[in-house]
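S.K.: Following is a predicted model, sequence given first.
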Amino acid sequence: MYRWDFGWVWTFRAALLDALWVTIELNLLILVFGTIAGFLVWRARASRFRLLRLSAVAYIDLLRTLPVLVLLVWFFYCVPILLGGIRLGPMVSAVIVLSLNLSAFTAEIIRAGIDGVPVGHVESARACGLSAHQTLRRIVLPIAFRNMVPPMVGQYINSVKLSVLASIIAVPELLQKTVDISSRVYRPLEFYTVLAALFLLLLLPGTILSRRLEAGEHNRRLTTSG
């Protein structure tokens with residue numbers, strides 16, 4: 001019968017805490033850069049210029065189709081060759097690839113949020129004398145923001161989950177450190193249990209928030225339609 005011994009986890013607590021901070025730093029960078037890039041991609045997709053619009057659509061379709069793990073490994077090993085030997089570190093590579101992946105989904109969430117604004121609201125605002133800019137700022141964006149927040153929170157949660165793939169290129173985050181330590185002390189059950197608990201602590205608040213936001217938006221729509 002297997003005897004659990006979490007004393008090993010306590011022994012390596014410093015290494016796990018360092019890995020936790022790396023995970024938090026990695027995901028903060030991904031969420032910030034991915035959101036900014038997603039907004040820029042959405043702007044390109046909504047452009048009047050056909051070439052820019054088609055380029056944004058191709059970008060979104062490509063990054064939503066390619067498996068993140070494949071893209072991560074390709075970027076880490078192939079891009080330095082294409083750049084003439086300039087090597088990017090694991091952390092930088094992971095931030096770039098995962099931010100690009102997030103940006104594609106973020107751009108689509110923004111587009112859906114804007115498109116979800118009822119046309120009647122826009123027409124009423126213009127009929128009341130509001131300019132196109134005022135209509136966008138006072139009518140479209142507030143409504144679109146409410147539409148975007150629940151799926152955006154869900155996408156952020158998914159992005160944090162995907163960040164564990166950074167371990168494949170040796171980013172010293174939680175999964176990579178857990179694999180390294182457990183392979184040395186042969187106590188995988190204890191370390192993987194702690195790994196799951198740490199990610200639960202990181203993601204559970206966001207999951208609860210996402211569910212409440214979705215429920216609130218659903219109730220608001222029922223009230224409005226009623």
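M.R.: Sure, I can see it.
S.K.: From here on, just use CA atoms for contacts and neighbour counts.
M.R.: OK.
S.K.: Not counting residues beside it along the chain, what's closest to Gly116?
M.R.: The spatially closest residue to Gly116, leaving aside those adjacent along the chain, is Ala144, at 6.9 Å (CA to CA, 6 or more residues apart in numbering).
S.K.: Verify the stated contact: that neighbour with Pro118.
M.R.: No - with contact defined as CA atoms under 8 Å, Ala144 does not count as touching Pro118 (9.8 Å).
S.K.: quick one: which of these two has more around it?
M.R.: Taking other CA atoms under 10 Å, Ala144 and Pro118 do not tie; Ala144 has more neighbours (21 against 12).
S.K.: The more buried one: which element?
M.R.: helix 141-162 (DSSP states H and E).
S.K.: Now that helix: buried residues?
M.R.: 141, 143-144, 147-157, 159-160, 162 (16 or more other CA atoms under 10 Å).
S.K.: before we move on, back to that, distance of the residue nearest to Gly116 relative to Phe105?
M.R.: Distance, Ala144 to Phe105, by CA to CA, to the nearest Å: 16 Å.
S.K.: In contact with the residue nearest to Gly116, which residues?
M.R.: For Ala144, the contact set (CA atoms under 8 Å, 6 or more residues apart in numbering) comprises Ile110, Gly113, Ile114, Asp115, Gly116, Val117.
S.K.: and with 10 Å instead?
M.R.: Ile109, Ile110, Arg111, Ala112, Gly113, Ile114, Asp115, Gly116, Val117, Pro118, Leu136 (CA atoms under 10 Å, 6 or more residues apart in numbering).
S.K.: Also Val164?
M.R.: Thr23, Asn27, Ala94, Val171, Glu173, Leu174, Leu175, Gln176.
S.K.: low-scoring stretches of this protein, by residue?
M.R.: Residue ranges of the chain with pLDDT under 70: 216-226.
S.K.: so where do the helices sit in it?
M.R.: For the chain, the helices defined by DSSP state H cover 7-11, 13-45, 50-65, 68-82, 90-115, 119-127, 132-135, 141-162, 174-185, 188-225.
S.K.: of all those, which gets the most neighbours per residue?
M.R.: Among those, the stretch with the highest mean neighbour count (mean count of other CA atoms under 10 Å) is helix 90-115, at a mean of 22.
S.K.: quick one, it and helix 141-162 angle?
M.R.: 150 degrees (axes from the mean of the first three to the mean of the last three CA atoms, to 10 degrees).
S.K.: rewinding a little: tell me the angle the helix holding Ala144 makes with helix 13-45.
M.R.: Counting by the same axes, to 10 degrees, helix 141-162 lies at 140 degrees to helix 13-45.
S.K.: So what's the gap between helix 141-162 and the chain middle?
M.R.: In terms of CA atoms, centre = their mean, to the nearest Å, the centre of helix 141-162 is set 9 Å apart from its chain centre.
S.K.: Likewise for stretch 67-78?
M.R.: 17 Å.
S.K.: Can you give the contact residues for that stretch?
M.R.: By CA under 10 Å, 6+ apart, the surrounding residues in contact with stretch 67-78 are 63, 79, 81-82, 85, 87-98, 100-101, 162-163, 165-166, 168-169.
S.K.: let's go with 6 Å and repeat that
M.R.: Ser93, Val97 (CA atoms under 6 Å, 6 or more residues apart in numbering).
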